[in-house]
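Engineer: Predicted model and sequence below, questions to follow.
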Amino acid sequence: MMENGQRKTGKRLLRIFLLLMSSVLVVAASASVLNYLYMQASPITAEPAKVQFVLTEDSEAAGASIGTNGTYVSLNSMAGWPNATRVYQAAVGIRNFDTVDHNITLAFASWSGYMDQIEFITVVIRDAVGGTQQGSAINVGTSGSSTGELIIPAGATWVVEWNIKWKAGALSTNSVSVTLQLLVKGE
């Protein structure tokens, strides 16, 4: 009787093995068939940016240098004292040159240097110098920190305020570099 049971088990195992082998062959055969489809876009043209960085009241003090098309700005003269807060109320502006509103988000991207000597750097967008804050404050050094999505009205210019405070023990040789990213939704 045991031989009969062993034969049935053996036959079942053989069937399962053959089934597995045939499915492996089907998968292997279908994996070698490739179809290439193509997409071409032409022409792709350049157009002026509808939202751009612009110079404002504190741009000279902040060392603002705006790229030719307004989509890049370098701030290379900002500083602060140890244990005191320096505020650049309008280091640079963000202007919507379009005839429609646009959704924007300003966010912390990265930083480097003597980060351990910084008490805080916060960046705020306001509708005017000393005006109403738009969205949340950006806490430099905090991953994911952003203003949140904002709607800048057509024709509006908002200002970007920087608040910088070094720790009491910071030295004049200490420095940090900060990168923020402005996301503009739509065309």
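Structural biologist: Structure received.
Engineer: Can you pull out the low-pLDDT segments for the protein?
Structural biologist: 1-7, 10, 22-30 (pLDDT under 70).
Engineer: What segments of it are helices?
Structural biologist: 2-31, 59-62 (DSSP state H).
Engineer: Show the contacting residues for residue 164.
Structural biologist: 78-80, 85-88, 118, 120-121 (CB atoms under 8 Å, 6 or more residues apart in numbering). Using the backbone N, CA and C atoms, a C-beta is placed for each residue, glycine as well.
Engineer: so of these, which ones are in strands?
Structural biologist: 85-88, 118, 120-121 (DSSP state E).
Engineer: Identify, from those residues, the entry nearest to residue 74.
Structural biologist: residue 88 (14.0 Å; CB to CB).
Engineer: separation between that closest one and residue 102?
Structural biologist: 24 Å (CB to CB, to the nearest Å).
Engineer: Neighbour count: the two, which is higher?
Structural biologist: residue 88 (25 against 20; other CB atoms under 10 Å).
Engineer: Quick check: bridge partners of that one?
Structural biologist: Listed beta-bridge partners, residue 88: residue 162 (assigned using DSSP bridges).
Engineer: Next, find the distance separating it from residue 51.
Structural biologist: 21 Å.
Engineer: out of everything not next to it in sequence, what's closest to residue 159?
Structural biologist: residue 90 (3.9 Å; CB to CB, 6 or more residues apart in numbering).
Engineer: Revised request: answer the last question for residue 91.
Structural biologist: residue 62 (3.9 Å).
Engineer: is it true that the one you found touches residue 162?
Structural biologist: Yes - contact criterion CB atoms under 8 Å: residue 62 and residue 162 qualify, at 7.2 Å.
Engineer: Would you mind grabbing the residues shared as contacts by these two?
Structural biologist: Contacts common to residue 62 and residue 162, judged by CB under 8 Å, 6+ apart, are 75, 78, 88, 91.
Engineer: Closest one to residue 140 out of those residues, please.
Structural biologist: Among the shared contacts of residue 62 and residue 162, and counting by CB to CB, the member closest to residue 140 is residue 78, at 11.7 Å.
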